[in-house]
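>>> Structure, please.
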Amino acid sequence: MNETVLTWIVFILAFGGMVLIHEFGHFIAARLNNIDVEEFGIGLPTPGALTLFTWKGTRFTLNWLPLGGFVRPKGENDPSVPGGLAAASPWKRLAVLFAGPTMNLLLAVVIYAIIFNLVGVPDTTKVLIASVTPESPASAAGFQDGDIFISGNDQPITNYDQLRRIIDSSVDKPVSFVVNRNGEEVGLTATPHMNEIEKRAMIGVGLGVPFKQKVSLGETLGLGFQYTGYSVRALLSLPAQLLRGTISPEQGRVIGLKGIYDVLQQSVSHDMQASSNSSAAPASTSPVDQPVRTLELLASLTISLGVFNLFPFPALDGGRIIFVLPELIFRRRVSPQIENFVHGMGMAVLLLFMLYVNVMDFINPANITIP
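I've put the predicted structure just below:
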């Protein structure tokens, strides 16, 4: 399939799917809390939407702009409407508001689990030789990419620290290594030399961990939760990194639909090339050349969507959550008129900001390269 066509298909399905998952979370939480939902729309709201079916009072509609979706709860902003969202207890409203971002994060967990199911799970009990430096002691000894350390001078090697101790204690002394090469044990002898630049003994290998493919669902889901947590923390630390200068303003820049499309195009291109390359690295050694870059990007995007919606800004889920808190703490509700006005202003600001971001994507495209 043509790369551009495939990118557009993935872009529409992925972006729309992430938003639909978000809205589906709101819908499920509302129904579980006996809050009526008038409409669940696929696509952005447009006149002349097609009603697909009606279920328990909810119209499921297909709209003409295919990006995303929406949920229209009954009495969303009017607490005088019985059975509506605004009339529900604060705990029920919180459940509905948190459900959307939570679904985005759970989607990331599932995507990461799929990735680990495809490429395997890192085996941290083994040390892999990812690369061998030319004209190094390791190269002269016959080490190869993909070898896995078993022992050195009869001492087991199951982690980097053990290997480091063996090498540091044997400067200019031959070390007898045993490695696993494609299931066979191979004996090799290398003499560590002091590297004057690094100020440490080295034999000239780049290290990694092997990936095992026979993994359980529990392992992949556990890693999915773990990597989703890593990504959330990295996203939340972004402002601090910008202030410290750890990353450049260009790297931390917000991108719009065009920017997302450009990055997605790089990922799709990489995955198409990896899929067609019969010599791609096997999953048992490294996931670098596996066609999962697009899945990794989708996981990052759905995490960004979930976290962004929890920011305490008017019109976002986080902004609406802020208005629920006084009712829980002080037993007094903020005037619905004031709340609706603030959210209306917030929505206007968000629309203007997103318009600015998307215009800037065309005027000054973000220089983002997927490594």
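
>>> Next one, pLDDT for the closest residue in space to residue 90 that isn't next to it in sequence please.
Distances taken as CB to CB, 6 or more residues apart in numbering place residue 327 nearest to residue 90, at 4.5 Å, with adjacent residues excluded. Using the backbone N, CA and C atoms, a C-beta is placed for each residue, glycine as well. What the model reports as pLDDT for residue 327 is 91.

>>> Would you mark the buried spots in the host helix or strand of residue 327?
Assigned by DSSP states H and E, residue 327 falls within helix 317-329. Across helix 317-329, burial judged by 16 or more other CB atoms under 10 Å covers 317-324, 327.

>>> what's the answer for stretch 173-188, then?
By neighbour count, and taking 16+ other CB under 10 Å as the criterion, the buried residues in stretch 173-188 are 175, 177-180, 188.

>>> could the residues you listed go into a markdown table alongside pLDDT, distance to residue 54 and secondary structure?
Shown next, in a markdown table, are the buried residues of stretch 173-188 (pLDDT from 0 to 100; distance: CB to CB, whole Å; DSSP: H, G, I helix; E, B strand; the rest coil):
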| residue | pLDDT | distance to residue 54 | secondary structure |
| --- | --- | --- | --- |
| 175 | 94 | 74 | strand |
| 177 | 95 | 69 | strand |
| 178 | 96 | 68 | strand |
| 179 | 95 | 65 | strand |
| 180 | 94 | 61 | strand |
| 188 | 94 | 71 | strand |
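
>>> picking up where we left off before, please save the CA atoms from the helix holding residue 327 in CSV.
The C-alpha trace of helix 317-329 is given here as CSV (Å, rounded to 0.1, in the frame of the first residue of the first chain):
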residue,chain,number,x,y,z
ASP,A,317,-12.0,17.4,32.4
GLY,A,318,-9.4,18.7,35.0
GLY,A,319,-11.0,22.1,35.0
ARG,A,320,-14.4,20.6,35.6
ILE,A,321,-13.0,18.5,38.4
ILE,A,322,-11.7,21.6,40.1
PHE,A,323,-15.3,23.0,40.2
VAL,A,324,-16.5,19.8,41.9
LEU,A,325,-14.0,19.9,44.7
PRO,A,326,-15.6,22.8,46.7
GLU,A,327,-18.8,20.9,46.8
LEU,A,328,-16.9,17.9,48.4
ILE,A,329,-14.9,20.0,50.8
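
>>> re earlier: closest to residue 345 among the buried residues of helix 317-329?
residue 319 (10.6 Å; CB to CB).

>>> what separates the nearest residue to the closest one once chain neighbours are set aside from residue 342, distance-wise?
Once flanking residues are discounted, residue 319 sits nearest to residue 313: 4.9 Å by CB to CB, 6+ apart. To residue 342, residue 313 is 10 Å away according to CB to CB, to the nearest Å.

>>> swap in residue 150?
64 Å.

>>> thinking again about what came up before, give me the common contacts of residue 313 and residue 342.
residue 319 (CB atoms under 8 Å, 6 or more residues apart in numbering).

>>> Look up phi and psi at residue 10.
Torsion angles at residue 10 (phi, psi; degrees, to the nearest 10) stand at phi -60, psi -40.

>>> need the next SSE after the helix holding residue 327, C-terminal direction.
Using DSSP H and E, the next helix or strand after helix 317-329 towards the C-terminus is helix 336-363.

>>> list the helices and strands that next one packs on?
helix 257-276, helix 317-329 (3 or more CB pairs under 8 Å, 6 or more residues apart in numbering; DSSP states H and E).

>>> contacting residues around residue 272?
With contact set as CB under 8 Å, 6+ apart, residue 272 has these partners: 3, 6, 291.

>>> so which of those residues is the most crowded?
residue 291 (19 neighbours; other CB atoms under 10 Å).

>>> my read: it touches residue 271, true?
Yes: using CB atoms under 8 Å, residue 291 is in contact with residue 271, at 3.8 Å.

>>> Settle this for me: residue 292 is touching residue 116, isn't it.
No: at 9.3 Å, residue 292 does not count as touching residue 116 under the criterion of CB under 8 Å.

>>> Count the neighbours of the closest residue to residue 217 other than its chain neighbours for me.
Once flanking residues are discounted, residue 217 sits nearest to residue 113: 7.7 Å by CB to CB, 6+ apart. When neighbours are counted by other CB under 10 Å, residue 113 registers 23.

>>> State the pLDDT value of the nearest residue to residue 361 once chain neighbours are set aside.
The shortest distance from residue 361 to any non-neighbouring residue, by CB to CB, 6+ apart, is to residue 258 (3.9 Å). Here the pLDDT value assigned to residue 258 is 82.
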